[in-house]
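Engineer: Below: sequence and its predicted model.
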Amino acid sequence: MKKFTIEITPVKSPYMRETMLWTDTVAKKRVKGKVVYHAHKWNNPKCGLNRRYLDNDLATAERDRHSARIEGLFQRAFDKAVIRHELKYAGINYQDEIARTYAPYAIAPNATISEMTLKWRKYEADRKVLKNALAKLRTKYTLMMCCLQQGKWDAAKDCLYDLNVYLMELQSLARPDHHEIVFKGKNNPLTANRR
């Protein structure tokens, strides 16, 4: 059968102009039943200050501006995957997909185990992917945006890689065997940073 290639657009990290506010904070620690606050890490001035990033209105507005377009991409991919899943597994029934049933324990012959067909196992795996695919994509994208605004470039690259893996998994869901999913462009984002 001839291969049918489908090209999908990879997720790319936007350029973020606004940054989150880098501010001093205190850490609390329980010492002999009392809560003690200290400004330095591990209460040692040599280890530096306890600091954290705080969100501001400009950073939130910039994230929202970029997120509007990408949210639509995720939602469309999810809706199409749900439609493909429903069409591929229409009329599937648990009882029809039992390959064999056996009793593994001689002392308990009523305790049986049902082995399922490959189709049922694939159906369960696809359902598990669909269950939280959209939440995983949205959460990872928000995390990538926050990493970009905090200047954590390695963490942002990791998030971008995970996003493209999740998107490829969602786009490949419930496809026929002769469909091949590839990313557009010369560089595959899943193998671009290999050393």
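Structural biologist: Structure's in. What do you need?
Engineer: three-state assignment of residue 29?
Structural biologist: strand (DSSP: H, G, I helix; E, B strand; the rest coil).
Engineer: now it: how far from residue 173?
Structural biologist: 47 Å (CB to CB, to the nearest Å). Just so you know, the C-beta spots here come from the backbone N, C-alpha and C atoms, and that holds for glycine as well.
Engineer: in this protein, which spans are strands?
Structural biologist: For the chain, the strands defined by DSSP state E occupy 4-8, 21-24, 27-31, 34-38, 51-54, 98-102, 113-116, 179-183.
Engineer: low-confidence ranges in the chain?
Structural biologist: 193-195 (pLDDT under 70).
Engineer: mind giving me the domain ranges of it?
Structural biologist: Following the assignment in automatic domain parsing, the chain carries domains at 4-20+56-183, 21-54.
Engineer: any idea which of these is most buried?
Structural biologist: domain 4-20+56-183 (a mean of 14; mean count of other CB atoms under 10 Å).
Engineer: Let me see the ranges of the helices in the chain.
Structural biologist: Listed in chain order, the helices of the chain (DSSP state H) span 57-88, 118-150, 153-171.
Engineer: Can you get me the centre-to-centre distance for the first one and its chain?
Structural biologist: Put plainly, it is helix 57-88. 13 Å (CA atoms, centre = their mean, to the nearest Å).
Engineer: What of the second one?
Structural biologist: The gap between the average C-alpha position of helix 118-150 and the chain average comes to 4 Å, counting by CA atoms, centre = their mean.
Engineer: Could you do the shortest one as well?
Structural biologist: When C-alpha coordinates are averaged (CA atoms, centre = their mean), helix 153-171 and its chain have centres 7 Å apart.
Engineer: Residues touching it, excluding its own?
Structural biologist: 6, 8, 10-13, 74, 77-78, 81, 129, 133, 136-137, 140-141, 143-144, 147-148, 181, 183, 189-190, 193 (CB atoms under 8 Å, 6 or more residues apart in numbering).
Engineer: Next, the angle from it to helix 57-88.
Structural biologist: Interaxial angle, helix 153-171 versus helix 57-88 (axes from the mean of the first three to the mean of the last three CA atoms, to 10 degrees): 30 degrees.
Engineer: Since that was my last question, I'll sign off now.
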